[in-house]
Structure formats: structure tokens, C-alpha cells
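In: just coords:
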Ligand SMILES: NC(=O)c1ccc[n+]([C@@H]2O[C@H](COP(=O)([O-])OP(=O)(O)OC[C@H]3O[C@@H](n4cnc5c(N)ncnc54)[C@H](OP(=O)(O)O)[C@@H]3O)[C@@H](O)[C@H]2O)c1
């Protein structure tokens with residue numbers, strides 16, 4: 001395996017990136033903490049989850065991406081709190097407000113100002129921290145004007161409870177409206193080799209305004225990690241099989257992409273997941289990408305996509321296939 005895969009040598013490469021116009025610096029790969037919340041990922045346990053967070057930090061990842069709604073009762077926040085004990089200063093905690101789970105297990109979006117303020121207070125307690133480094137609006141609440149939600153984030157900034165604000169799952173127009181009330185450091189949209197819609201308008205807008213794009217689903221729920229191949233049989237409870245990309249023509253198209261990525265990975269002695277993540281963090285406007293994981297080996301593999309770069313011929317080969 002190439003040199004850059006050893007622990008922490010990435011960190012010494014000094015490739016930290018600036019979050020928006022803030023003085024916060026983040027590694028180009030962040031740990032996505034949705035899987036450790038145990039709501040959709042199978043076979044999740046506290047010991048492995050804590051080890052996953054700690055391995056991420058050991059590997060030079062400094063951003064942990066959680067949310068008020070990652071777990072019915074903040075399970076992801078509680079695991080992060082345990083995992084980062086004694087090393088708070090090493091991490092940038094990103095969280096979100098505006099989505100919660102009702103007692104009967106349904107997802108509910110409420111981004112009213114009072115709810116945003118309440119979720120922030122609870123998240124601070126659950127995480128055991130004095131401030132959240134980056135706090136996003138999880139999604140626009142159709143019942144609440146986005147400017148009203150933004151007002152709550154501006155208030156939290158003023159109170160020093162959050163160091164920067166972000167917005168997730170927004171259009172350019174919604175983002176523009178939010179920025180009129182509250183400074184935005186980052187947006188969080190879905191983006192990967194198979195879903196590139198943001199390249200058209202959101203990314204150019206963010207580049208112009210110096211807003212970081214921190215994308216989710218770089219691995220398309222594990223598909224682009226390269227281990228779910230033709231003939232894969234999902235466990236009956238695995239909800240991923242309901243996603244279109246895991247079915248029919250879409251799945252076959254993804255498999256052809258994986259065939260191409262296999263060749264690139266073999267050529268440079270990397271894994272497909274590392275090629276995919278490296279491609280992602282070198283796309284224009286992408287400040288960082290969020291890789292979900294529930295096991296230490298998973299985040300060790302994706303964190304090792306930092307500290308090196310696919311060369312032009314490898315990038316061109318991928319671009320040609322995607323075109
Ligand atoms: N703002 C939003 O609305 C929003 C929405 C979605 C996600 N997010 C954020 O973005 C993060 C990333 O999204 P995600 O976790 O849903 O999906 P993802 O990063 O695209 O995929 C994560 C899944 O891929 C598999 N995986 C990870 N590393 C692997 C490896 N090295 N080899 C093989 N499989 C591997 C694991 O699944 P298995 O082990 O279960 O196979 C893992 O749960 C989330 O955790 C969350 O922080 C935000």
C-alpha cells in the first residue's frame with residue numbers, strides 16, 4: 001500500500017482547508033455520524049462506534065458531522081461525547097437543527113426559530129460542549145419562511161453558542177435568502193460521481209460567495225465503496241435496496257462505473273473507495289466530503305484518500321467514463 005496510508009501522515013501534509021470565511025480549518029474528509037446513530041445501518045454497537053470516531057481522529061479527520069436527529073434520542077451525539085473525551089480541541093463539531101423524530105418513530109421537520117434554539121441547547125448538553133463549531137439548518141421547513149429559520153441561527157451566532165452557520169438540502173434561491181439574514185459558512189448537499197446536479201448552479205454560487213460545499217453521500221450509501229457488486233444479496237432488513245440506484249439499469253450503470261474505477265485503483269495500488277473519495281475532494285468548490293462509517297476499518301480506508309492526488313490521466317479516465 002502506498003505511503004500515505006499510514007496513520008496520521010496525511011495530517012503532516014498540511015492540507016487543511018478553510019471553512020467559508022471563518023478561521024476554522026477542516027480536513028477534506030469528515031466523519032459522517034448517521035450510521036453510528038443505528039437508525040438505518042445494521043449491526044451497530046457502541047464499542048465499534050466509539051472506536052470508529054477515535055480512529056477517524058487518529059487518521060487526521062477533524063470534522064465530525066452529527067445532527068439533532070441522528071438517533072431518536074441523540075445517540076450519535078452521546079457517542080461523540082464519549083469518543084472525544086479529553087480531545088475536544090482536536091475536533092470541529094458540525095451539527096444540525098430542524099429535523100427530529102416523533103415518539104411514534106416518524107421523521108418531522110420543524111425549523112421554527114424556537115425549535116432551532118431549543119435543539120441547539122439540547123445538542124450542546126448532549127455533546128458536552130460549550131459551542132458547536134458549525135450548525136446547519138438540516139432542511140427547509142415548508143411551514144416556516146427560511147428567513148425566520150435563519151434569524152435563529154443569527155441569534156445563536158451572536159450568543160456564541162455556535163461558531164458558524166450552514167444550510168443543508170437547499171436550492172440556490174433558498175441559500176441566497178438565508179444569507180440575507182445570517183452569514184453562511186457552508187452548505188451540505190448530496191453529491192457523488194452518480195449525482196452531480198449541484199455542479200450546475202449551487203457550486204458556482206458557493207465559489208463566488210466563498211461558502212464551503214461539504215457534500216454528503218460520496219460513497220452513495222456504500223455503493224461506491226466498491227464492495228456491493230453484481231449479484232449482491234442484501235440482508236432483508238437493509239433499506240438500501242429500496243433506493244433506485246441499487247436496482248435495475250441504475251445499478252448496472254453504477255457497476256460499469258465501478259469496473260472503470262477498479263482499473264484506476266489497481267493501477268495506483270489504492271482501493272475503489274479511496275479513488276472515489278479522492279476524486280470527490282478534488283472537485284471544484286468541494287471543501288470537504290462526509291464519509292459515513294460504523295466500523296474503524298471503514299473510516300481508516302476512506303480517510304486514506306487524503307494526502308495524495310489522482311493524476312491527470314486517472315482523472316481524465318474517470319471524467320471520460322462519467323461523460
Ligand atoms: N444533511 C443531510 O440531510 C444528510 C443526509 C445524508 C447524510 N448526511 C451526512 O453525510 C454522511 C454520509 O452519508 P451516509 O453515511 O448516509 O452515506 P455514505 O458515506 O455515502 O456511505 C456510508 C456507508 O458506506 C459503507 N461504507 C463506508 N465505508 C466503507 C468502506 N470503506 N468499505 C465498504 N463500505 C463502506 C457503510 O455501510 P455498511 O457498512 O452499512 O455497508 C457506511 O454506512 C452521513 O453519515 C451524515 O453525516 C447528511
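Out: Nice, I can see it. In this text the structure is predicted, and so the values were computed from the model without any measurement.
In: Who does the residue in the chain that the ligand sits nearest to form a beta bridge with?
Out: Closest approach between the chain and the ligand, counting by CB to the nearest ligand atom: residue 292, at 1.9 Å. Heads up, the C-betas are built off the backbone N, CA and C, glycines and all. Applying DSSP bridges to residue 292 gives these bridge partners: residue 32.
In: Quick check: it touching residue 29?
Out: No - the pair residue 292 and residue 29 does not pass the contact test of CB atoms under 8 Å, sitting 11.3 Å apart.
In: Could you check which of those two is surrounded by more residues?
Out: For residue 292 versus residue 29, neighbours defined as other CB atoms under 10 Å are more numerous around residue 29 (29 against 24).
In: contacting residues around that one?
Out: With contact taken as CB atoms under 8 Å, 6 or more residues apart in numbering, residue 29 is in contact with 61, 277, 281, 288-289, 291, 302-303, 305-306.
In: now do residue 83
Out: 49-50, 53-54, 57.
In: picking up where we left off before, now, the contacts of residue 29 that are in strands?
Out: Cross-referencing those with the strands (criterion: DSSP state E) gives 288-289, 291 as the overlap.
In: and those residues as a markdown table, adding neighbour count?
Out: Output for these, formatted as a markdown table (neighbours: other CB atoms under 10 Å):
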| residue | neighbour count |
| --- | --- |
| 288 | 29 |
| 289 | 27 |
| 291 | 28 |
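In: okay if I get those as TSV plus pLDDT?
Out: What follows is the ones in strands among the contacts of residue 29, written out as TSV (pLDDT from 0 to 100):
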residue	pLDDT
288	98
289	98
291	98
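In: Tell me the one of those residues nearest residue 216?
Out: When the ones in strands among the contacts of residue 29 are compared for distance to residue 216, the smallest value, 8.0 Å, is given by residue 289; criterion: CB to CB.
In: how far away is that closest one from residue 296?
Out: With distances taken as CB to CB, to the nearest Å, residue 289 is found 19 Å from residue 296.
In: what sits against the closest residue in space to residue 28 that isn't next to it in sequence?
Out: Taking CB to CB, 6 or more residues apart in numbering as the measure, residue 28 lies nearest to residue 281, with 4.0 Å between them; neighbours along the chain are not counted. Residues in contact with residue 281 (CB under 8 Å, 6+ apart) are 28-29, 288-289, 305-306.
In: and what of residue 317?
Out: If a contact means CB under 8 Å, 6+ apart, then residue 317 has 260, 263-264 as its contacts.
In: In terms of secondary structure, what does the biggest helix by length in the chain contact?
Out: Ordering each helix of the chain by length in residues (DSSP state H) puts helix 248-267 first. If contacts are counted by 3 or more CB pairs under 8 Å, 6 or more residues apart in numbering; DSSP states H and E, helix 248-267 sits against helix 272-281, helix 312-322.
In: re the thing from before, now distance to residue 136 too, for the contacts of residue 29, in TSV please.
Out: As requested, the contacts of residue 29 are arranged in TSV below (distance: CB to CB, whole Å):
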residue	distance to residue 136
61	18
277	21
281	19
288	13
289	15
291	17
302	21
303	22
305	23
306	23
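In: for those residues, which one is nearest residue 116?
Out: Residue 116 lies nearest to residue 288 out of the contacts of residue 29, by CB to CB, at 23.5 Å.
In: OK, contacts around that closest one?
Out: Counting by CB under 8 Å, 6+ apart, residue 288 touches 17, 26-30, 63, 212, 214, 281.
In: Name the nearest residue to residue 293, ignoring sequence neighbours.
Out: Spatial nearest neighbour of residue 293, chain neighbours left out: residue 299 (4.0 Å); criterion: CB to CB, 6+ apart.
In: Report how many residues lie close to the residue nearest to residue 97 when sequence neighbours are not counted.
Out: Taking CB to CB, 6+ apart, and ignoring the residues beside it in sequence, residue 97 has residue 119 as its nearest neighbour in space, at 3.9 Å. By other CB under 10 Å, 25 other residues sit near residue 119.
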